[in-house]
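[1] my questions are about this predicted structure, shown below with the sequence.
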Amino acid sequence: MGLDEDALEYHEREPPGKLEIATTKPTNTQRDLSLAYSPGVAAPCRKIDADETDAYRYTAKGNLVGVVSNGSAVLGLGDIGAQASKPVMEGKGVLFKRFADIDVFDVELDQHDVDAFVESVAAMEPTFGGVNLEDIKAPECFEIETRLRERMDVPVFHDDQHGTAIISGAGLLNALDIVQKDVADVDITISGAGASAIACAKFYVSLGATRENITMCDSTGIITESRADAGDVNEHKAEFARDVPDGDLADAMEGADVFIGLSAPDIVSPEMVRSMADNPVIFAMANPDPEIEYEDAKNARDDTVIMGTGRSDHPNQVNNVLGFPFIFRGALDVRATEINEDMKVACAEALAELAREDVPDQVVKAYGDQPLQFGPEYIIPKPVDPRVLFEVAPAVADAAMASGVARTDLDLAAYRERLEARLGKSREMMRVVLNKAKSDPKRVALGEGDDEKMIRAASQMVEEGVAHPVLIGDRDTIDATITDLGLDFDPEVVDPEAADYEAYAERLHELRKRDGLTRSEATELVERDPNYLGSVMVEQGDADALLTGLTHHYPSALRPPLQVIGTAPDAEHVAGVYMLTFKNRVIFCADTTVNTAPDADVLAEIAEHVAALARRFNVDPRVAMLSYSDFGSVETAGTEKVAEAAAALRDDPSVDFQVDGEMQADTAVVADILEDTYDFAELDGPANCLVFPNLEAGNIGYKLLQRLGGADAIGPMLTGMDEPVHVIQRGDEVKDIVNLAGVAVVDAQEEDE
């Protein structure tokens with residue numbers, strides 16, 4: 001099937017379209033319905049009648065945007081009318097929801113008269129927290145936006161104008177920085193004089209460009225003062241008329257530092273690119289085909305050509321989705337009355353700054369594992385980068401508050417955490433631990449410290465203030481990697497081949513000499529195996545925690561810390577725990593990585609470990625000992641050991657958490673089963689800590705929950721060690737390493753108490 005056929009099948013598949021309305025409150029009982037509608041709904045109605053701002057408190061208005069169009073200028077399709085534009089507007093709603101968790105009603109108005117259109121939209125102000133105007137032709141779009149901004153007390157934003165301006169503006173700031181040119185000094189040529197082009201020109205001035213250095217061309221040629229005086233251009237184009245001779249696009253591009261294309265495909269030749277100033281910046285953004293093909297522009301000359309397009313199959317895509325969801329997110333959350341120039345500039349500057357940061361692994365994977373690093377081919381963040389939400393929205397909200405258009409103030413640090421929580425429960429849960437870690441960062445030794453992921457993770461630990469990383473590895477390799485990655489930090493490095501660590505070898509020999517380890521073997525292990533060196537560092541107190549395992553099999557990575565550090569005084573066994581986060585639920589799964597066939601005593605100890613870990617995440621543990629039997633319904637050696645472990649825990653007066661079993665998995669997690677069938681159970685709600693009867697069950701269970709249940713997995717977190725140690729899974733991402741470092745730091749903090 002071709003793209004058109006695939007798209008038609010996608011939209012036609014039941015249910016048709018791309019959006020639906022979902023309830024956000026319980027509607028299961030008669031009481032629920034009486035609260036949702038009559039008679040309960042009268043109470044919030046009276047409150048809002050007394051104070052209209054209470055609509056933000058009692059309704060979804062504060063998270064609802066109207067995407068409004070008449071279909072008069074749909075990208076690539078032209079004036080197709082209101083009805084035919086509906087798939088596009090639904091698509092816009094999908095992007096709002098996917099990237100910023102904003103709800104949308106798409107509104108297609110069969111109305112081309114400006115007065116009637118303005119009246120229709122203004123009359124809907126009580127419904128929406130903001131209005132996104134879309135696909136309305138110029139010059140009517142300018143008047144419509146201006147009048148609605150004057151009439152309405154909620155943000156009104158025409159994305160076709162400002163979106164491209166903001167995203168290309170972010171790219172322009174970075175491109176000029178790379179080629180070492182000042183935005184105030186560069187000559188900018190713009191091909192196109194429609195809504196987007198005029199908005200770009202105005203916005204670049206807001207970013208510091210000089211208006212007199214901007215040359216705008218329409219289909220007739222350069223917009224000059226003589227053309228403006230002759231009435232050849234409208235008032236919007238005339239604003240950028242220049243006192244220069246008449247000419248065409250080729251004349252305008254000669255000597256220009258920057259070319260901005262918002263016009264038609266294939267109108268720029270390689271010769272025109274060669275006529276530009278040294279190291280030119282070219283944003284050819286006509287869609288779907290640019291003014292000049294990417295390769296043609298890059299190959300036209302030998303110096304640096306920084307090229308951007310509107311296409312996703314080339315570097316530096318100017319994609320409006322990097323702007324509007326996050327601009328509205330910040331505007332809605334401070335209840336802004338408008339989206340002003342300060343907020344748009346804040347968005348562009350935040351995007352430009354984010355492009356300079358290390359790129360998360362999940363973003364790199366989404367783009368085929370191609371290198372993404374600040375430079376000529378990466379000047380704009382990718383839309384799937386989750387950090388855009390909690391970098392751009394706070395910047396926009398801050399600008400709204402500073403410029404006086406916000407009706408409520410936010411604590412920006414707390415706001416960032418709320419935004420992170422919108423990206424998933426795992427971020428919310430990890431923020432609890434990472435905030436604890438930041439309060440008293442500890443020294444974390446990183447085995448395999450010359451691995452790129454470990455170095456990037458160490459950089460993030462320093463940047464976020466989570467830990468003081470100590471990289472164990474070759475100093476020259478580490479320094480070269482830091483330079484190649486463009487990272488700005490100077491880590492502590494322990495290089496076994498560049499310093500004398502005989503004291504560590506002596507200690508390792510002392511610990512293991514009665515297990516057959518000779519003195520020379522101890523020296524070799526310390527010099528060659530970072531897991532042994534890191535373990536001895538932690539055992540000797542020269543580091544507070546150890547992370548390892550990135551390039552090793554789990555058992556071989558776990559063996560050195562077990563041999564050197566060992567289990568805690570009150571523990572005989574260690575266990576691996578995964579925290580699985582669902583939309584509104586968290587479950588800790590143990591043991592998933594260590595104990596193959598635990599007996600009743602080991603299961604009981606694992607339960608105590610997982611309960612203690614849950615409390616580090618501020619979760620009150622409810623522990624279920626899992627089996628294929630419910631409270632004696634099946635009696636086998638396997639079920640009896642689980643029942644024995646549960647009974648031992650219930651009878652132990654020192655156990656201060658809820659625990660019961662043996663029970664089946666659905667009994668453990670479904671409230672109705674516990675309450676109706678097993679009301680005698682010790683758990684007062686669904687279990688949040690699941691202890692599996694053996695390693696096979698644990699490993700299978702957490703992976704099924706993760707893959708089929710859509711859970712995010714954090715771990716494995718190693719419990720029961722005498723000092724904080726965590727073994728990373730091979731293939732873990734940088735964020736996983738940073739998360740485990742945070743857990744290790746909190747472990748170390750608790751040991752200091």
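    Looks like it arrived, so ask away.

[2] give me the domain ranges for the protein.
    3-154, 159-318, 319-423, 433-564, 575-720 (automatic domain parsing).

[3] and those as a markdown table, adding distance to Glu750?
    C-beta coordinates here come from the backbone N, C-alpha and C atoms, glycine included. A markdown table is the format used below for these (distance: least, Cβ to Cβ, whole Å):
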| stretch | distance to Glu750 |
| --- | --- |
| domain 3-154 | 34 |
| domain 159-318 | 43 |
| domain 319-423 | 22 |
| domain 433-564 | 9 |
| domain 575-720 | 8 |
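
[4] between those, which one is closest to Gly731.
    When the domains of the chain are compared by Cβ to Cβ, domain 433-564 sits nearest Gly731, at 8.4 Å.

[5] quick check: end-to-end length of that closest one?
    27 Å (Cα to Cα, to the nearest Å).

[6] now it: average pLDDT?
    Averaged over domain 433-564, pLDDT sits at 91.

[7] for stretch 653-661, same thing?
    94.

[8] how long is that stretch end to end?
    In stretch 653-661, first residue to last residue: 17 Å (Cα to Cα).

[9] list the contacts of it.
    Stretch 653-661 is contacted by residues 607-608, 611, 620-627, 631, 642-643, 645-646, 649-650, 668, 681-684, 691 when judged by Cβ atoms under 8 Å, 6 or more residues apart in numbering.

[10] buried ones from those residues, can you make that a ChimeraX selection?
    Only the buried entries of the contacts of stretch 653-661 go into this ChimeraX selection, using 16 or more other Cβ atoms under 10 Å:
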select :607,608,611,621,622,623,624,625,626,627,631,642,643,645,646,649,668,681,682,683,691
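
[11] re earlier: nearest to Arg730, out of the domains of the chain?
    Going by Cβ to Cβ, the one of the domains of the chain nearest Arg730 is domain 433-564, 6.7 Å.

[12] distance from stretch 11-28 to the middle of the chain?
    How far stretch 11-28 lies from its chain's middle: 25 Å, per Cα atoms, centre = their mean, to the nearest Å.

[13] could I get the CA-only coordinates of it as CSV?
    Provided in CSV are the C-alpha atoms of stretch 11-28 (Å, rounded to 0.1, in the frame of the first residue of the first chain):
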residue,chain,number,x,y,z
HIS,A,11,-8.2,7.5,9.6
GLU,A,12,-11.1,5.2,8.7
ARG,A,13,-10.2,2.4,11.2
GLU,A,14,-12.8,2.2,14.0
PRO,A,15,-13.4,4.5,15.6
PRO,A,16,-13.1,7.0,12.7
GLY,A,17,-10.8,10.0,13.1
LYS,A,18,-8.1,10.5,15.7
LEU,A,19,-9.7,11.9,18.9
GLU,A,20,-12.2,10.9,21.5
ILE,A,21,-13.5,12.3,24.8
ALA,A,22,-12.6,10.4,27.9
THR,A,23,-13.9,10.9,31.5
THR,A,24,-11.4,12.0,34.2
LYS,A,25,-13.5,11.1,37.2
PRO,A,26,-15.2,7.9,38.4
THR,A,27,-18.6,7.2,36.7
ASN,A,28,-19.2,3.7,38.1
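
[14] now the residue nearest the centre of the chain: how far from Phe326?
    Centroid-nearest residue in the chain: Pro386, 1.5 Å away (criterion: Cα atoms, centre = their mean). According to Cβ to Cβ, to the nearest Å, Pro386 stands 11 Å off from Phe326.

[15] out of the contacts of stretch 653-661, which are inside helices?
    607-608, 611, 642-643, 645-646, 649-650, 668 (DSSP state H).

[16] biggest separation within the residues you listed, which pair?
    Pairwise distances across the ones in helices among the contacts of stretch 653-661 peak at 18.4 Å for Ala611 and Ala643 (criterion: Cβ to Cβ).
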